[in-house]
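Novice: need a structure here:
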Amino acid sequence: MKIITVVGARPQFVKAAVVSRALQHHGGMQELIVHTGQHYDNNMSDIFFEEMQIPQPAYNLEIKESLHGMMTARMMMGIEKILLDEKPNAVLVYGDTNSTMAASLAAAKLHIPVAHVEAGLRSFNMQMPEEINRIVTDKVSNLLFCPTQTAVDNLQAEGYTQSFYHIHLTGDVMYDAALFYFERSAPRIIEQLQLQDKQFILATIHRAENTKNILHLVSIVEALNELNKQQQVVVPLHPRTSKLIGQLSVKPLFTIIEPVGYFDMLQLLHNCSLVITDSGGLQKEAYFFKKFCVIMREQTEWKELTEHGFATIAGSNKEQIILQSQNFISNHFTSDIALYGDGNAGEKIANILENYLN
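Specialist: Have a look, this model is predicted:
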């Protein structure tokens, strides 16, 4: 049986690695990875694939168009040709990128079963390209692998039924990945930066709603500057965002570092006292490492985090970022529930996929 996995960004490779390892344990399951090239990443060298134990892509489409429509169209053309040549039994996609939607549409039009990992997520904000990608991908998928009960509930509320779709609550593959890779990581980044355990705040800023809005960016920088007076704030920052911040009237007083690899990020998460972010994935990873999270967005796909008090939404509001951060730092993180499964999502997905195709 042949599975084609389509990914377009480094985080998707990490997710795919979890399922790839599980598929390798099943005899007769051949997997080919297609990299669309959507997000160029300097960290994705041969060493990245070797250290992460990720199979090298069989195809790299190297598509880096800036316009969504053109990018998606070129991806569909490239993926369609691969599907016609390879004739897979199923196409496996992850998350909510343009690559995910393009692969799903190409496969569905060729009547090839689509399996969507991270199905059912919703921010309920149609201004986000990712929200459109999620909805379209779910609609044309045959197998919907949901990371949380919330995701299952979202699908059911939208009218998805088991009579037509195969909906499965599997847990989150990113939890599998965090457990697997943390054991293989080393605290070199902590030593290099001379960080004290639980004595620094980890923050990230990357979403356009913050980086392309000067008022939002100024507010965030001022909030992080204020928090930095109480506890060191460490911000891995893309050079483009770092340059934007450098042009502001308010200057950053916190510690800006180069973007870090996955292993180093796991160590920063493990050793920090709090996470402040506008990233979707980092919200969950904060929970994996028992850290509270202040979300610098107006909504979250992971509402179970806010419902259980593990995260809070502050947007770009300076006062709220400071207040919520101070509240969390003074509290002790405790959790007796497993919001994202038992760390065995990859194996569950592989088993379900094999049974479905058989």
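Novice: Wasn't residue 312 part of a helix?
Specialist: No. Assigned with DSSP: H, G, I helix; E, B strand; the rest coil, residue 312 falls outside any helix and is strand.
Novice: ok, it to residue 274 distance?
Specialist: Using Cβ to Cβ, to the nearest Å, one obtains 11 Å as the distance from residue 312 to residue 274. For glycine as for every other residue, the C-beta is placed from the backbone atoms N, C-alpha and C.
Novice: what about the two, which has more around it?
Specialist: residue 274 (24 against 19; other Cβ atoms under 10 Å).
Novice: My guess is that one contacts residue 327. True?
Specialist: No. Counting by Cβ atoms under 8 Å, residue 327 is not a contact partner of residue 274; they are 10.1 Å apart.
Novice: in which helix or strand would I find the most centrally placed residue in the chain?
Specialist: With distances taken as Cα atoms, centre = their mean, the residue of the chain nearest its centroid is residue 281 (3.8 Å). If you go by DSSP states H and E, residue 281 is part of helix 280-288.
Novice: who does that helix touch, helix- and strand-wise?
Specialist: If you count contacts as 3 or more Cβ pairs under 8 Å, 6 or more residues apart in numbering; DSSP states H and E, helix 280-288 packs onto helix 173-182, helix 262-271, strand 274-277, strand 293-295, helix 303-307, strand 311-313.
Novice: Kindly reformat the ones you listed as CSV containing distance to residue 244 and mean pLDDT.
Specialist: Output for the helices and strands packed on helix 280-288, formatted as CSV (distance: least, Cβ to Cβ, whole Å; pLDDT from 0 to 100):
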stretch, distance to residue 244, mean pLDDT
helix 173-182, 28, 97
helix 262-271, 22, 96
strand 274-277, 17, 98
strand 293-295, 21, 98
helix 303-307, 28, 95
strand 311-313, 23, 98
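Novice: most tightly surrounded among those?
Specialist: Highest mean neighbour count of the helices and strands packed on helix 280-288: strand 293-295, a mean of 27 (counted as mean count of other Cβ atoms under 10 Å).
Novice: Tell me the buried residues in the biggest helix by length in the chain?
Specialist: Ranked by residue count and defined by DSSP state H, the top helix of the chain is helix 68-86. Buried residues in helix 68-86, counted by 16 or more other Cβ atoms under 10 Å: 71-72, 74-76, 78-80, 82-83.
Novice: What is the nearest of those to residue 132?
Specialist: The shortest gap between residue 132 and any of the buried residues of helix 68-86 belongs to residue 72, at 10.4 Å (Cβ to Cβ).
Novice: so how far is residue 98 from that closest one?
Specialist: Taking Cβ to Cβ as the measure, residue 72 falls 5 Å from residue 98.
Novice: what's the weakest-modelled helix or strand in this protein?
Specialist: Every helix and strand in the chain was compared by mean pLDDT, DSSP states H and E; the lowest is helix 46-52, with a mean of 76.
Novice: quick one: contacts of it?
Specialist: With contact meaning Cβ atoms under 8 Å, 6 or more residues apart in numbering, helix 46-52 is reached by 10, 13-14, 17, 54-56, 181, 184, 261-263.
Novice: Pull out the buried residues from those.
Specialist: Burial by neighbour count, judged by 16+ other Cβ under 10 Å, picks out 10, 13-14, 17, 54-55, 181, 261-263 from the contacts of helix 46-52.
Novice: which residues do residue 312 and residue 274 both contact?
Specialist: Shared contacts of residue 312 and residue 274, defined by Cβ under 8 Å, 6+ apart, comprise 292-294, 328.
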